[in-house]
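> Here's my sequence, what's the structure:
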Amino acid sequence: MARSKTEKRDPATSLALLWGEQEPPRRGPRPSLTTARIVVVAIGIADAEGLDAVSMQRVAAELDVTTMALYRYVPGKADLVDLMVDAALGPAAAVADVPGGWRPQLAAWARRSWGLYCRHPWILTATAMRRQAMGPNQLSWLDAALAALAGTGLSAAHRHHTVLLVIGHIRSLAQQRADGDEQADQEWNRLTAELLERHRDRFPALTEAIAAGAFAPPDDDPLDFGLERILDGVAALIERS
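Coordinates of the predicted model:
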């Protein structure tokens, strides 16, 4: 989610807030809120209504305080979203003790990451297409995935690219899930089927694939097929290395 053009951020202040390194105010009344409480309320709104529903005004109303009161804790919505992402992610999945080596460990990491996107679908929007401050929880997830690949013999760049492939697969599925509309999909499928029936001679391979069930709902977990193919490729790369 791109930040407002009018909202200027101090990167040092944003990172200090995200990492809990900001200095407490030395003057003024004793704080009646906490940053953690503000973030919990904001996450609740995003889980129920989406990220667009989160605003400083809305969070203040939920907390029964003035909007200005929030600015003692959070400089603006962009910083609030960074805090929300890190809090929603939580500490990284503990996969180092998963038996079997890098492959089952990385698969376990991917499935737990997928679970987070399912529980908090707004994370997809919050982390898309912008340079964001990354907090300790978010970095711990990256660290855990890289650690799973540490003994594979892959170069540091290839380990990083592997993690990007896996998270890209997860994000793609999360986007499909977020865009899903069963009723609209059924109508679209009906119209498309009628269209292809009229033009089946132009698209023989596609017509045959549809008839054979290529576009039927999958029987297995939507994550597994793509994840296993990615890991097959990584395994082949490790063997060549």
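> drop to CA atoms for contacts and neighbour counts, all remaining ones
Will do.
> Please save the CA atoms from stretch 91-101 in CSV.
The C-alpha coordinates for stretch 91-101 follow below in CSV (Å, rounded to 0.1, in the frame of the first residue of the first chain):
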residue,chain,number,x,y,z
PRO,A,91,8.1,-14.6,15.7
ALA,A,92,9.3,-16.9,12.8
ALA,A,93,8.1,-20.4,12.6
ALA,A,94,10.5,-22.8,14.4
VAL,A,95,11.4,-25.2,11.6
ALA,A,96,15.0,-26.0,12.6
ASP,A,97,13.9,-29.0,14.5
VAL,A,98,11.8,-30.4,11.6
PRO,A,99,13.4,-33.7,10.7
GLY,A,100,14.7,-34.5,7.2
GLY,A,101,16.8,-31.5,6.3
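> Would you mark the buried spots in that stretch?
Of the residues in stretch 91-101, Ala92, Ala93, Val95, Ala96, Val98 count as buried by neighbour count, 16 or more other Cα atoms under 10 Å.
> go on, stretch 52-71?
Neighbour count says stretch 52-71 has Val54, Ser55, Met56, Val59, Ala60, Leu63, Thr67, Leu70 buried, by 16+ other Cα under 10 Å.
> Need the distance between the two termini of that stretch.
19 Å (Cα to Cα, to the nearest Å).
> Check which element follows the longest helix along the chain along the chain.
The residue-count maximum for a helix in the chain (DSSP state H) belongs to helix 156-179. Per DSSP states H and E, helix 156-179 leads on to helix 182-198 as the next helix or strand towards the C-terminus.
> Packing partners of that following helix?
Helices and strands touching helix 182-198, as assessed by 3 or more Cα pairs under 8 Å, 6 or more residues apart in numbering; DSSP states H and E, are absent.
> The next helix or strand along the chain from that helix packs against which elements?
Per DSSP H and E, the first helix or strand lying C-terminal to helix 182-198 is helix 204-211. If contacts are counted by 3+ Cα pairs under 8 Å, 6+ apart, helix 204-211 sits against no helix or strand.
> Brilliant, that's me finished.
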